[in-house]
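> what follows is a predicted protein model with its sequence.
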Amino acid sequence: MTKKAEIYKCEKCGNTVLVIDSGKGDLSCCDVPMILLEEQSADFKNEKHVPIVEKTDSGIKVTVGSTLHPMTPEHHIVMIAVIDGDSILVHWLNPGDEPVAYFPCQNADVKSIEYCNIHNLWTNKK
Ligand SMILES: [Fe+2]
């Protein structure tokens, strides 16, 4: 059974999906069950993965890592999102971009998540 807003990944092909609404079935891809990604918030990779939220004049800025995360084709941040109440705002990134996103959000105390193509899902708040 899935729950709204969970993120699952296929370990064979890399398909990664966000659950829009919950269902009784289990998700599978490439003929294997998809893995529920747990949000990570602290470990030895903390300085390069935990999103940092700052207030700006027009909203908020989210930076991935107190030391900027790499943005190479092999290892990069795929997306940064903020979850503000019932709203999810997503910004997609590409290799070569800065691991930074700006959102028109007035609440700087929001939960932010980011997805690294190698180290999976990270958050500033559990
Ligand atoms: Fe990473």
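Okay, I see it. Numbers count the residues shown, from 1 in each chain.

> count the residues that sit near the residue nearest to residue 123 when sequence neighbours are not counted.
What sits nearest to residue 123 in space, not counting adjacent residues and going by CB to CB, 6 or more residues apart in numbering, is residue 39, at 4.2 Å. (Each C-beta comes from the backbone N, C-alpha and C, glycine too.) Look at residue 39: counted by other CB atoms under 10 Å, it has 15 neighbours.

> what sits against residue 39?
By CB atoms under 8 Å, 6 or more residues apart in numbering, the contact list for residue 39 reads 113, 121, 122, 123, 126.

> from the residues you listed, which land in helices?
When helices are assigned by DSSP state H, not one member of the contacts of residue 39 lies inside them.

> out of these, who's nearest the ion?
residue 122 (8.4 Å; CB to the ion).

> what about the closest residue to residue 112 other than its chain neighbours, neighbour count?
Once flanking residues are discounted, residue 112 sits nearest to residue 51: 3.9 Å by CB to CB, 6+ apart. Residue 51 has 26 neighbours, counted by other CB under 10 Å.

> roughly how far does residue 51 sit from residue 12?
For residue 51, the distance to residue 12 (CB to CB, to the nearest Å) stands at 28 Å.

> what does residue 114 give?
Residue 114 is 23 Å from residue 12, by CB to CB.

> the two: which has the busier surroundings?
Per other CB under 10 Å, whichever of residue 114 and residue 12 has more neighbours is residue 114, with 28 against 11.

> next up, the contacts around the more buried one.
49, 51, 62, 64, 77, 79, 80, 81, 99, 121, 122, 123.

> what's the closest of those residues to the ion?
Nearest to the ion, judged by CB to the ion, of the contacts of residue 114 is residue 49 at 5.8 Å.

> phi and psi next, for residue 101.
For residue 101, the backbone dihedrals (degrees, to the nearest 10) come out as phi -140, psi 150.
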